Every structure is written in C-alpha cells, then in structure tokens.
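Q: below: sequence and its predicted model.
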Amino acid sequence: MKNLKSALILILTLLLVVSCKNDKASMASNDLTIYQCPMNCEADKTYKELGSCPVCKMDLKPIQKSTKELSNNEISDESIFNLTSNWNTEEGKTIQLEDLKGKTLVMVMIYTTCKAACPRLVADMRNIETQIPKSNLKNLKLVLVSIDPEIDTPERLKNFAKENFMDEEHWTFLQGTVSGVREFANVLAVKYKEISPMDFSHSNIITVFNSGGEIMHQQEGLGVDNKETIKTILELTN
Amino acid sequence: MLFALTANCQSKMVSIKGGTYIPLYGRDSLKVTVTDFQMDVYPVTNAEFLEFINKNPKWKRSNIKRLFADKNYLIDWKSDTELGNNQSLHAPITDISWFVANDYCGCQGKRLPTIDEWEYVAMANENLPDARKLKTYNEQILGWYEKPKTFNNEIGSTFKNYWNVYDLHGLVWEWTLDFNSVLVSGESRKDVDTDNSLFCGSAAIGATDLMNYAAFMRYAIRGSLKAKYSMRNLGFRCVKDNSQ
C-alpha cells in the first residue's frame, strides 16, 4: 500500500514537472515562431510573420521543431549527446557526439574487415542516401561507427570511405575506445561479440536520430524495406 | 557493528587464477581463456550503492537521464537517498541499469566482469573450480531459481565457493560488462538457424552443453536485457585486472 502511495506521489510530481516544462516550451514557441519558404528559394532567409514566399509564392512554413530545439541549446534526457566519450573521425579530428548536434543523424555500427553483413549494411546506408533529395541531404549526417576501434583507425576508415564512395561531406566515420563503443552500442541496443580477431557477430540496426540526438526510428535486419526509415528522415530533414 | 562488517567487506576482493574452459556459448574455437584477475567477494550492497549515489548525484533517481535508466530505476526506494521499507542495507543493490553499474565499478578503478570471467568463477562449487558436471551443482542453482524474493537476503548468506567468492548463485543475477554480446533473437528456436539477416556470424553461437540448463537461463536473460533496464533481481559486482 505504501509503495503504491509513494509511486502515486512520484507520478504526480513527475506530471507536475512535465507540465511545467510544457508550459515553457509552448510559451517559447508563441514568442519565437519563425517562418521560412518551404522551397528555400531565398536560402536561409526567415520571416517573423506568416505570408508567402516572394519567389515561388508558396505559403511560408514555420521552421521545424528540430531547428528550434537547437536554439535553446539544451539536450534532453534521452539524447545520445549525453554520452561524453571521445571519437576520432576519418579526417583525424577528435569529437564528442554532441558535436554532431543540429543535423538529423542516421547511424550504423560496422567494422571495415567485415565480410558478411557489413557490405550489405553499407549498401543499405547508400540506398538510404540515394533516396534523400539533395536539399534534405544538407540537414543530414550519415554516420558509420566502428565496432572494432583497435583495427579501424582514422586512416583505415578514410580509405574505406573512399573505396565505398562515401567520402562526401554528409558521411562521417567514427573510431571510439573499447568502452566508448560498448556504451554507444548499449544506447542503441546493438549487440556484438568478437568471434576472433577482426571478426565480430553483431546485430544489424540502422538508427535515425533527430537533431537533438533522440532516437526516432530503428530499422533492424539486412536489405529490409526501408520505407519507414526514409519517411522518418524526410520528415526530420524537411 | 554490522556496518563495520560491510565496510570491511566492501572492497574485499580475492584473486582468481585464470584458466581455459568451454562456456555454454563459445567462440569459434569453443574454448575460452580467462587471465588472472581479482573479483569482489560479495555483490555490491544497498549501503555501498547509497554511499556512491551520495557522492555522484547524477545517478540519483530524480537526476538520472532516461537514456541511462528506465523508469524502474531504484523504484522501491522511498526517496533519492532512502531505501524502501523492506530493503536491508546489507542486501544486494538491484533495480539498477548497466550504465550505473558500469560507472560504479569505473569510479573505484574496477570494471564489470566479462561474461567469460563471471561464468568461469561461477562454475565452482564449495570444493571444485569446475563443478558443472555434478548433478548436485545444477540442482542447487535451479533450486534457487525457484525460490522467491532472494534479492531481499543479505550478502554472504549463500555458500562460499572454491575461489572464496560468495553469492554468485542464490541471491541475485548480476550484470556483466559485455552482456550485449549474447546474440539471441526474440525467439529461441530461431537460434538454431543462422538468421543471417539479423546477425552476421550467428553460426558461431550455439549451446555446447544443453544439459547446463541453469547457465542457459543466464545467457537467455543477458540476451534479453537492454542496458537501461532495471530489474528487481539483477545486481552486480566488480572485478579488477591484476595489472591495475
């Protein structure tokens, strides 16, 4: 009975906290709604009031929530940006995941010496890329995280990127530490096991994050129908 | 008095001499080699965890990020720093996620044991380092699986094994560092096929000793866990490499 009571109190307090938060959020959006031409005719030009685009005459649209989240600079409790481990990019830069903030992220875990599933996972990622219009691509980062940080150095990842035609701006490859990789995999609920040096079994999951680093969609399996994944990405990058 | 006792026990570790064995689920070569390491004699207790939380407020129930724990985290505690009514200070801490267990060990210069290490120590009974072939060993463990609410019992209330480690069986399940290396898909029958579209290399995994039902249960639990889950009968202990 007491347990029930304390649970109730907890829930009530939570509700209170949540409702306070909502109030703030809605206030902010009332004050600061920004509109933009849906076709981006005038590049990033924004308007404070509703109207139509002077170039294509389409109705201006309020800018997506994701961009707004960016402006208040806070990361939510569910965001992967709460992970503070360091990562090396294929360009040799050291970053934290939070440095990827602001763009929609599509992430997958692979390793470059993989012969079985990874080439197909990589193909799945490229397949996603080809279905995203150029105008959306600029709001998107496709990120491949190595399961095997000991073998996959930035140089190796760079070569892999070139070989697989994934060297453009919107592709990023990450080398972490053994513990950083495990923590990251656990956030994505990706399972993996080293079978022998340079060979792993691993679950094949492609994850879509919004610009605030929250998981929006996960696609599991190889060569599966990616309609839902594409839909989520388009919604987030429009 | 009891307090002093646990304070002493808190960081007590014992040496485990490494060795080679065949676990339930093996790698390609089937045999697994474990190098020498140190293991906590007891699982981490409520008292120890409370102390940790007081020093690391980010892991308090009201502060913890949803990314790192589901809503069952410390669910039976009265507040951020008070145990529930029926919880003993000397019972193992449960209802905690992998992330917090991982950080707890890290903060002490230790780490969580790997599955291979944990299973290696856990295959001992009172007298033998590997008692898995004994009928009594398996019966004892399965007998525990049938007992309700053993998580309320205090540490040290089960048997001391060959390595002088207590409570590996009979109290709570324990988190391992690489619990996420158990590749079991939703339906266990699927594992017989190599479901290549879900897992590459899944052919490498299969039960080597189906008689070892107790271990099979442990692997099944690990396979079904996510790192942010908290369970009432899941605790942890830490280990340390000898070189550290």
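A: Okay, I see it.
Q: break chain A down into its structural domains.
A: Using automatic domain parsing, the domain parsing of chain A gives A:28-66, A:80-237.
Q: worst mean pLDDT among those domains?
A: Lowest mean pLDDT of the domains of chain A: domain A:28-66, a mean of 70.
Q: thinking again about what came up before, how about a markdown table for the domains of chain A, with distance to B:Phe49 and mean neighbour count added?
A: Bear in mind the C-beta positions are built from the backbone N, C-alpha and C, glycine included. Below are the domains of chain A laid out as a markdown table (distance: least, CB to CB, whole Å; neighbours: other CB atoms under 10 Å in any protein chain shown):
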| stretch | distance to B:Phe49 | mean neighbour count |
| --- | --- | --- |
| domain A:28-66 | 38 | 13 |
| domain A:80-237 | 20 | 19 |
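Q: out of those, nearest to B:Glu174?
A: The closest of the domains of chain A to B:Glu174 is domain A:80-237. By CB to CB, the value is 16.3 Å.
Q: would you tell me whether the closest one gets close to chain B?
A: Yes - applying CB under 8 Å from any CB of the partner chain, one finds domain A:80-237 touching chain B at A:80, A:82-83, A:114, A:116-118, A:182-183, A:185-187, A:189-196, A:199-204, A:220-224.
Q: spit out the contact partners of the closest residue in space to A:Glu220 that isn't next to it in sequence.
A: Excluding the flanking residues, the one nearest A:Glu220 by CB to CB, 6 or more residues apart in numbering or on different chains is A:Ile205, at 5.1 Å. By CB atoms under 8 Å, 6 or more residues apart in numbering or on different chains, the contact set of A:Ile205 is A:Val108, A:Met109, A:Leu188, A:Ala189, A:Val190, A:Gln218, A:Gln219, A:Glu220.
Q: against A:Glu155, how distant is the most centrally placed residue in chain A?
A: The centroid of chain A falls nearest to A:Leu105 when counting by CA atoms, centre = their mean (2.4 Å). Distance, A:Leu105 to A:Glu155, using CB to CB, to the nearest Å: 24 Å.
Q: try B:Val32
A: Per CB to CB, B:Val32 is found 32 Å from A:Glu155.
Q: over to A:Thr172?
A: 15 Å.
Q: for the residue nearest to A:Glu220, grab phi and psi.
A: phi -130, psi 130 (degrees, to the nearest 10).
Q: a strand runs through A:Ile206, doesn't it?
A: Yes - A:Ile206: assigned to a strand according to DSSP: H, G, I helix; E, B strand; the rest coil.
Q: now do the strands in the chain.
A: No chain was given, so I picked chain A. Per DSSP state E, chain A carries strands over the ranges A:35-36, A:46-47, A:61-62, A:86-89, A:94-96, A:104-110, A:140-146, A:171-175, A:192-196, A:199-203, A:205-209, A:215-220.
Q: sorry, should have said chain B
A: B:13-16, B:19-21, B:32-34, B:37-40, B:173-174, B:199-200, B:234-235, B:239-241.
Q: and the closest residue to B:Ala124 other than its chain neighbours, what does it touch?
A: Leaving aside its chain neighbours, B:Ala124 sits nearest to B:Tyr162 (3.8 Å; criterion: CB to CB, 6+ apart). Listed by CB under 8 Å, 6+ apart, the contact set of B:Tyr162 reads B:Ala124, B:Asn125, B:Glu126, B:Asn127, B:Leu128, B:Pro129.
Q: who are the neighbours in contact with the first one?
A: Under the criterion of CB under 8 Å, 6+ apart, the contact list for B:Ala124 reads B:Asp130, B:Ala131, B:Asn161, B:Tyr162, B:Trp163, B:Val165.
Q: what's the closest of the residues you listed to B:Ile75?
A: Nearest member of the contacts of B:Ala124 to B:Ile75, counting by CB to CB, is B:Val165, at 28.5 Å.
Q: ok, the closest one to A:Met125 distance?
A: From B:Val165 to A:Met125 the distance is 45 Å (CB to CB).
Q: for B:Glu119, same thing?
A: On the measure of CB to CB, B:Glu119 and A:Met125 end up 36 Å apart.
Q: what of B:Ile16?
A: Between B:Ile16 and A:Met125 the distance, using CB to CB, works out to 43 Å.
Q: separation between the residue nearest to B:Ala124 and B:Lys65?
A: 40 Å.
Q: ok, back up a step: between the strands of chain A, which gets nearest to B:Tyr213?
A: strand A:192-196 (22.0 Å).
Q: can you list the strands that the closest one pairs with?
A: Here strand A:192-196 is paired, per DSSP bridges, with strand A:199-203 (antiparallel).
Q: which stretches of chain A form helices?
A: A:2-32, A:65-72, A:118-130, A:134-137, A:154-163, A:178-188, A:227-237 (DSSP state H).
Q: chain B now?
A: Using DSSP H, the helices of chain B run over B:2-10, B:46-55, B:98-107, B:115-122, B:135-146, B:213-224.
Q: show me what the residue lying closest to A:Leu188 once chain neighbours are set aside bridges to in the sheet.
A: Spatially, and ignoring its direct neighbours in sequence, A:Leu188 is nearest to A:Thr207 (5.4 Å; CB to CB, 6+ apart). Beta-bridge pairing for A:Thr207 (DSSP bridges): A:Met107, A:Gln218.
Q: which ones are touching the nearest residue to B:Tyr42 once chain neighbours are set aside?
A: Spatial nearest neighbour of B:Tyr42, chain neighbours left out: B:Ile155 (4.1 Å); criterion: CB to CB, 6+ apart. For B:Ile155, the contact set (CB under 8 Å, 6+ apart) comprises B:Thr6, B:Cys9, B:Tyr42, B:Pro43, B:Thr45, B:His90, B:Ala91, B:Pro92, B:Tyr166, B:Asp167, B:Leu171.
Q: which among the residues you listed count as buried?
A: By neighbour count, with 16 or more other CB atoms under 10 Å in any protein chain shown, those hold B:Thr6, B:Cys9, B:Tyr42, B:Pro43, B:Thr45, B:His90, B:Ala91, B:Pro92, B:Tyr166, B:Asp167, B:Leu171 as buried.
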